[in-house]
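*Asks:* need the 3D shape of this:
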Amino acid sequence: MQKTFIEELREEFLRQKTYKIVKKMIPQKETDPLMLFGQIEQLTSKINPKIIKKDILSFLKKFSPAIYKELNSMTKTERALQINVYQKILAIVLSYERTEKISFRVRNRFSQLLSKTDFPEDITLNQIAFPFPGFFLEIEENYMESEGLKINEGLMYISIKKDDPLIYFSLNLIEKAENHYVVPWSIDIELKETDTLLDFFNKLVEENRKKQIESSKIGAELGILITKENSAEMEKVHEKIKDNVRALINLILYINHINEDIIDISQIPKKLKEKKEYYQKKDPKKLEKIKRQLQTYPKVYLIGQKTSELVEKEIKKAGSPKKPHWRRGHIRYYDPEKERKRKFKKQWTFVRPTLVRGKTEEPKEYVL
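*Replies:* Down below sits the predicted model:
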């Protein structure tokens, strides 16, 4: 089984002296990536510059070979930017290591389906369950193209903190592009439990737009001119962001309220699993030790595989229709209190998008 993006990053940092030093110096209870990044920036001056330089070069050589080759010709500002990137990714990996090491992996096809799926806009956030206080979400397989650059994988760390009646939602993103990383960035928004999913969507999209403007300003400082052409490109990216935000919200709903197409693909040794099963019945004391060992392994779940395969079969069956289009899907929520007259097997239902093959054939709805 191929390693996930976060597992590759973790494997690299666990070997590094900088990571080990930072891990010891920052209190164990700190898990928030933003707070960790601030502390890592402050600690940099206390670590031997030779150690940091060696670790950054090792990181760039493995994950950003194009940037590694250009280091000698970079300006002081551009090099400082690479140090900043390294520190942000280090903070995210340290956060992952200190939490439950849970990540959900999403193939491109399923992400596209969810971007074409409408969510129930009037549902308030107090009706939504988030899977964990913090978790990673990986979207793979060229899920976005920006200014001709293919993004191979997107890694998001999502954290939710509740302080009644407020909800603090934080999203940290690293995009893995061809031979180098796009600078990681973060979005932090404050929500109320009475806010709707539409409020959630609008705030995430607006914060994305602000980040775009900030990126433009940084580009101008580095001498990158903002022309009409790449300004129009930014608008296209903004529209794509709306699709990605819609997919993100639907994924959160799917993980918590649908969860019929989630496969555990964690790479935990078979012997350790067998020991757990054995000691569950024979020796509860030794079971605790096995559980602690299991916690050291990342937990990885693949979402939407069966649905994606079903859609692929439909597309192949359709051939090359003259006027194909997608009929939007939707996630439904039935409130038992408001709709007492009807009987429901489930409160949440996913009606996936359907490929319509011209005018002669009526589209079918598949409820999963």
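*Asks:* got the buried residues for stretch 8-18?
*Replies:* Going by neighbour count (16 or more other CB atoms under 10 Å), the buried part of stretch 8-18 is 8-10, 12-13, 16, 18. All C-beta atoms are positioned from the backbone trio N, CA, C, and that covers glycine.
*Asks:* ok, residues contacting it?
*Replies:* For stretch 8-18, contacts defined as CB atoms under 8 Å, 6 or more residues apart in numbering pick out 3, 19, 47, 51-52, 54-55, 58-59, 62-63, 89-90, 92-94, 96-97, 155, 298.
*Asks:* show me where this protein has helices.
*Replies:* In the chain, helices defined by DSSP state H lie at 5-14, 17-25, 33-43, 49-63, 65-70, 76-98, 108-115, 197-221, 228-253, 270-282, 284-294, 305-318, listed in chain order.
*Asks:* out of those, deepest packed?
*Replies:* Each of the helices of the chain was given a mean neighbour count from mean count of other CB atoms under 10 Å, and the largest, a mean of 21, is that of helix 108-115.
*Asks:* where in the stretch 101-250 of the chain is pLDDT low?
*Replies:* Per-residue confidence of the stretch 101-250 of the chain (counting by pLDDT under 70) places the weak regions at 131, 140-153, 176-183, 212-237.
*Asks:* can you tell me how far Lys299 sits from Ile47?
*Replies:* Between Lys299 and Ile47 the distance is 31 Å, computed by CB to CB, to the nearest Å.
*Asks:* so these two - more neighbours on which side?
*Replies:* Here Lys299 and Ile47 are set side by side on neighbour count (other CB atoms under 10 Å), and the busier one is Lys299, at 19 against 16.
*Asks:* contacting residues for the more buried one?
*Replies:* The contact partners of Lys299, taken as CB under 8 Å, 6+ apart, are 100-103, 264, 266.
*Asks:* could you find the closest non-adjacent residue to Ser308?
*Replies:* Distances taken as CB to CB, 6 or more residues apart in numbering place Arg109 nearest to Ser308, at 4.2 Å, with adjacent residues excluded.
*Asks:* for the closest residue to Asn256 other than its chain neighbours, give me the backbone phi and psi.
*Replies:* With CB to CB, 6+ apart as the criterion, Asn256 has its nearest non-adjacent residue at 4.4 Å, and that residue is Ala129. Ala129 adopts backbone torsions of phi -100, psi 130, taken as degrees, to the nearest 10.
*Asks:* nearest to Arg332, out of the helices of the chain?
*Replies:* For the helices of the chain, the distance to Arg332 is smallest for helix 228-253, at 10.4 Å, taking CB to CB.
*Asks:* what about Glu8, distance to Tyr96?
*Replies:* Applying CB to CB to Glu8 and Tyr96 gives a distance of 12 Å.
*Asks:* circling back to that earlier point, mind putting the buried residues of stretch 8-18 into a markdown table with distance to Asp335 and pLDDT?
*Replies:* Formatted as a markdown table, those follow (distance: CB to CB, whole Å; pLDDT from 0 to 100):
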| residue | distance to Asp335 | pLDDT |
| --- | --- | --- |
| Glu8 | 43 | 86 |
| Leu9 | 41 | 89 |
| Arg10 | 41 | 89 |
| Glu12 | 47 | 93 |
| Phe13 | 45 | 94 |
| Gln16 | 51 | 95 |
| Thr18 | 51 | 95 |
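*Asks:* now for those residues, which pair is the farthest apart?
*Replies:* Across the buried residues of stretch 8-18, the two members that end up farthest from each other (CB to CB) are Glu8 and Thr18, 17.4 Å apart.
*Asks:* for Thr196, name its beta-bridge partners.
*Replies:* Listed by DSSP bridges, the beta-bridge partners for Thr196 are Thr124.
*Asks:* isn't it right up against Asp122?
*Replies:* Yes: counting by CB atoms under 8 Å, Asp122 is a contact partner of Thr196 at 5.5 Å.
*Asks:* compare those two and say which is more crowded by neighbours.
*Replies:* Each of Thr196 and Asp122 had its neighbours counted (other CB under 10 Å), and the higher figure belongs to Thr196 (17 against 8).
*Asks:* correct me, but Leu204 touches Val245?
*Replies:* Yes: assessed by CB under 8 Å, Leu204 is found in contact with Val245 at 4.7 Å.
*Asks:* separation between the nearest residue to Phe169 once chain neighbours are set aside and Ser58?
*Replies:* Distances taken as CB to CB, 6+ apart place Ile189 nearest to Phe169, at 5.2 Å, with adjacent residues excluded. Counting by CB to CB, the gap from Ile189 to Ser58 is 35 Å.
*Asks:* could you do Thr117 as well?
*Replies:* As for Thr117, its distance to Ser58 is 41 Å (criterion: CB to CB).
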